[in-house]
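Asker: Sequence first, predicted coordinates after that:
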Amino acid sequence: MNPKSVATSCRQGEWGTVLRAYSLCQTTPAILHEQVILELAEEDASSSSSSSLLSLAFSILKVQRDGLDAIMEEDEVDGPAVETGTSSSPSLSKARSLEQKLAALAGNEKKYQNLQERRKLLYGKKSSRMERRERLAQELQNQPQVPMNRLPILLQQAMKWQAHTGQLPWIREVYEDDDEGEDLYDPTMMKEKKKKRKRKRKHLDLVMGSAAADTNVIVGDPDRDDDGNFEPIVQSVYEKVKFGKSATCESAVFFSKGLITSSSDGLIEVWNPSYSDLNTADFPFQKDSVMGHDSAILCLKLSNDSELLASGNFTGLVKIWKLSTGKCLRTYQAHDGSPVTCLDLSRDSSRLLTACSEGTIREFGLISQTLLQECSSNGHTSYIHSCSYVMEWESNSPVATWIVSGSADGTVRLWQKGVCIRILQPNEDVIHTNTNTNSSLVVDATNLLTESPAIHTVLAVPNLPNRLLVVPRASVAYLVNLQGSVIQRYENPAKEDIFLAATISSACVYLATLKGDCLVFRLEKGTLETTIREFAIKSTSKTTTNNSNGEAGGVEITQLIHHPFKPILAGFSNDKTQKRGVLTIWK
């Protein structure tokens with residue numbers, strides 16, 4: 001609100017402009033409404049419609065009566081109005097004085113049809129409309145300039161972001177005798193800890209309560225925290241999410257209020273931030289029912305604001321859910337009979353991207369519920385493992401949106417408007433080279449390798465614009481730009497041990513291997529930081545069949561996921577030979 005412009009509008013009698021300016025503030029001066037009522041009553045004398053403006057004046061007085069009752073009328077209107085609480089003054093309040101004046105006008109229309117008599121009643125003998133306007137303008141002009149709700153908006157956005165990242169939890173999970181440093185893989189230890197552990201849920205009062213910020217929340221510099229230390233790396237099993245005896249986990253997504261999983265029995269479940277039980281505090285609908293499909297749900301995608309959830313199943317059906325209520329908002333038969341293997345939502349949640357096992361990519365409008373485009377020209381020839389929207393940035397501004405897909409045919413394809421613009425394919429020369437520079441994964445569509453390791457992971461890199469992590473079923477993974485140039489390589493020291501699954505944090509690359517380990521690389525430097533031994537065995541359930549040594553062992557890791565803001569990792573396998581489906585949380 002600009003006080004000078006408001007004062008000018010006041011002098012000109014533009015009360016709509018003045019009141020709109022004050023509508024952005026918590027309170028509007030009552031004397032403004034008094035002046036509006038007086039001028040409406042004055043103009044009623046020249047109004048063609050009978051008592052229309054006078055009736056409007058009565059209506060405004062009724063609405064604003066409380067504010068006008070707090071100000072006392074003066075014998076002489078030369079001075080400013082006086083605020084009172086409990087006063088013994090015999091003077092009338094502004095509201096009562098206006099009420100008497102309007103009643104006099106309504107009761108003696110003939111006398112006050114004379115404009116001079118009317119003005120004398122309304123403004124008094126020593127004042128006029130223009131003089132009152134000038135006094136009001138001076139008073140408004142001297143008020144300090146107030147930003148138009150800017151601070152409350154910024155505070156609201158800051159609190160929403162902190163809650164979204166987990167720094168400001170709405171509900172705190174408090175454990176007694178909780179020792180997070182112990183390895184929960186030991187079955188006996190897990191039973192003992194479950195007996196000792198007493199969980200308390202405390203609702204956070206944002207005004208009076210206190211909330212200790214999570215020191216492990218990862219924001220800012222992707223390589224180092226405020227003390228110059230490297231991002232914490234997961235070390236031990238923290239919790240296990242178990243599924244039905246005949247069900248396995250198919251997909252999972254971390255978010256600020258816990259974890260969302262989908263399983264082979266067609267259920268979508270939202271787990272609490274401790275990953276020990278369903279989150280019925282934030283999502284009470286789970287007390288009676290859960291979201292789901294009629295067949296196995298192979299993929300999930302959460303919108304940026306955590307309001308919408310997309311799920312795709314084995315029969316090609318995609319559903320859009322309102323996460324807070326568990327209601328299905330949209331249903332798409334995205335691919336007839338072909339399993340939906342991956343999907344994504346656009347940045348503004350207005351578009352849906354789906355891909356299937358036959359190599360087809362389709363884009364739908366969430367509002368129009370129609371097919372917008374199909375990426376079929378020079379497309380994939382096999383199972384699509386990864387498909388997502390990737391923003392191209394230039395000078396801190398988005399300049400284009402790419403569709404990036406990775407497939408079992410060994411290629412990564414970049415699409416614009418349904419047309420394949422660029423194809424990336426790791427070849428023998430790039431895989432076995434020891435240099436990171438002067439190499440490219442770009443190939444011509446006419447020179448594709450007939451045998452190439454499947455691409456199971458393509459991820460946009462957080463905090464590094466225009467960068468992709470490309471992981472084939474090989475012993476080398478790549479950090480590339482959108483032009484296909486190799487920026488960094490992540491190579492397994494054991495050449496014969498290939499990567500099966502991958503995920504990325506703000507500073508690390510996690511790669512699960514065929515031998516059952518998990519290698520942790522520095523994102524930008526490409527150095528191997530640590531190896532988590534027996535990761536697959538500890539992250540999965542024992543199988544119903546024996547291995548080559550005659551023992552029941554673990555199975556291959558299907559997917560890795562990392563929490564977007566905390567050093568928490570999860571891994572699972574959808575191998576049906578497991579005795580029971582399980583997703584394991586590492587911390």
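Answerer: Thanks, I have it.
Asker: for residue 113, phi and psi?
Answerer: Dihedral angles phi and psi of residue 113 (degrees, to the nearest 10) take the values phi -70, psi -20.
Asker: Looking at this structure, which helix is longest?
Answerer: Ranked by number of residues, the top helix in the chain under DSSP state H is helix 150-165.
Asker: Could you tell me how far that helix lies from the centre of the chain?
Answerer: 12 Å (C-alpha atoms, centre = their mean, to the nearest Å).
Asker: Check stretch 116-133 too.
Answerer: Relative to the mean C-alpha coordinate of its chain, stretch 116-133 is positioned 57 Å out (C-alpha atoms, centre = their mean).
Asker: and if you look at stretch 497-516?
Answerer: 26 Å.
Asker: and that stretch, which residues are buried?
Answerer: Neighbour counts using 16 or more other C-beta atoms under 10 Å place 498-514, 516 of stretch 497-516 among the buried residues. Every residue, glycine included, has its C-beta placed from N, CA and C.
Asker: Of these, which belong to strands?
Answerer: 499-504, 508-513 (DSSP state E).
Asker: all helices of the stretch 1-150 of the chain, in order?
Answerer: For the stretch 1-150 of the chain, the helices defined by DSSP state H, counting those that start in this stretch cover 3-11, 15-22, 30-43, 52-63, 65-69, 94-107, 115-123, 129-141, 150-165.
Asker: With mean pLDDT added, can I get these in a markdown table?
Answerer: A markdown table is the format used below for the helices of the stretch 1-150 of the chain (pLDDT from 0 to 100):
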| stretch | mean pLDDT |
| --- | --- |
| helix 3-11 | 83 |
| helix 15-22 | 80 |
| helix 30-43 | 86 |
| helix 52-63 | 85 |
| helix 65-69 | 83 |
| helix 94-107 | 88 |
| helix 115-123 | 87 |
| helix 129-141 | 86 |
| helix 150-165 | 74 |
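Asker: closest one to residue 491 among those?
Answerer: Proximity to residue 491 (C-beta to C-beta) singles out helix 150-165 among the helices of the stretch 1-150 of the chain, at 32.6 Å.
Asker: The closest one packs against which elements?
Answerer: For helix 150-165, not one helix or strand is in contact under the criterion 3 or more C-beta pairs under 8 Å, 6 or more residues apart in numbering; DSSP states H and E.
Asker: Quick check: residue 35 touching residue 131?
Answerer: No: if you go by C-beta atoms under 8 Å, residue 35 and residue 131 don't touch, sitting 11.3 Å apart.
Asker: These two: who's more crowded?
Answerer: Using other C-beta atoms under 10 Å, the more surrounded residue of residue 35 and residue 131 is residue 35, with 20 against 13.
Asker: which ones are touching the more buried one?
Answerer: For residue 35, the contacting residues are 15, 132-133, 136, by C-beta atoms under 8 Å, 6 or more residues apart in numbering.
Asker: Now for these: which two are most distant?
Answerer: Farthest apart among the contacts of residue 35 by C-beta to C-beta are 15 and 132. That separation is 12.5 Å.
Asker: who's more crowded, these two?
Answerer: Shown here are residue 15 and residue 132; by other C-beta under 10 Å, residue 132 has more neighbours (20 against 16).
Asker: Secondary structure element for the most centrally placed residue in the chain, which one?
Answerer: Centroid-nearest residue in the chain: residue 305, 2.1 Å away (criterion: C-alpha atoms, centre = their mean). For residue 305, there is no host helix or strand (DSSP states H and E).
Asker: Not counting residues beside it along the chain, what's closest to it?
Answerer: residue 349 (7.3 Å; C-beta to C-beta, 6 or more residues apart in numbering).
Asker: my guess is that neighbour meets residue 366, correct?
Answerer: Yes: taking contacts as C-beta under 8 Å, residue 349 lies within contact range of residue 366: 6.6 Å.
Asker: Low-confidence ranges, the stretch 351-500 of the chain, go.
Answerer: The stretch 351-500 of the chain contains residues with pLDDT under 70 at 428-438.
Asker: What segments of it are strands?
Answerer: Assigned by DSSP state E, counting those that start in this stretch, the stretch 351-500 of the chain shows strands spanning 351-356, 361-365, 371-375, 384-394, 397-407, 412-416, 419-424, 442-443, 455-460, 467-472, 476-481, 486-491, 499-504.
Asker: Save the ones you listed as a markdown table, and put in distance to residue 314 too.
Answerer: Formatted as a markdown table, those follow (distance: least, C-beta to C-beta, whole Å):
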| stretch | distance to residue 314 |
| --- | --- |
| strand 351-356 | 10 |
| strand 361-365 | 17 |
| strand 371-375 | 21 |
| strand 384-394 | 15 |
| strand 397-407 | 19 |
| strand 412-416 | 24 |
| strand 419-424 | 27 |
| strand 442-443 | 32 |
| strand 455-460 | 19 |
| strand 467-472 | 24 |
| strand 476-481 | 29 |
| strand 486-491 | 32 |
| strand 499-504 | 20 |
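Asker: closest to residue 108 out of these?
Answerer: strand 361-365 (65.5 Å).
Asker: So which elements touch that closest one?
Answerer: Strand 361-365 packs on strand 351-356, strand 371-375, strand 397-407, going by 3+ C-beta pairs under 8 Å, 6+ apart.
Asker: Next, the angle strand 419-424 makes with it.
Answerer: If you take axes from the mean of the first three to the mean of the last three C-alpha atoms, to 10 degrees, strand 361-365 sits at 130 degrees to strand 419-424.
Asker: residues in contact with strand 361-365?
Answerer: Strand 361-365 has contacts (C-beta under 8 Å, 6+ apart) with 318, 332, 334-335, 350-355, 370-376, 379-380, 384, 387, 403, 405, 415.
Asker: Save the helices and strands packed on strand 361-365 as TSV, and put in mean neighbour count too.
Answerer: TSV is the format used below for those (neighbours: other C-beta atoms under 10 Å):
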stretch	mean neighbour count
strand 351-356	25
strand 371-375	16
strand 397-407	18
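Asker: okay if I get the ones you listed as a markdown table plus distance to residue 543?
Answerer: Converted to a markdown table, the helices and strands packed on strand 361-365 look like this (distance: least, C-beta to C-beta, whole Å):
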| stretch | distance to residue 543 |
| --- | --- |
| strand 351-356 | 29 |
| strand 371-375 | 38 |
| strand 397-407 | 28 |
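Asker: Quick check: the gap between residue 29 and residue 93.
Answerer: Applying C-beta to C-beta, to the nearest Å, the value for residue 29 to residue 93 is 15 Å.
Asker: Actually, residue 249.
Answerer: In terms of C-beta to C-beta, residue 249 sits 70 Å off from residue 93.
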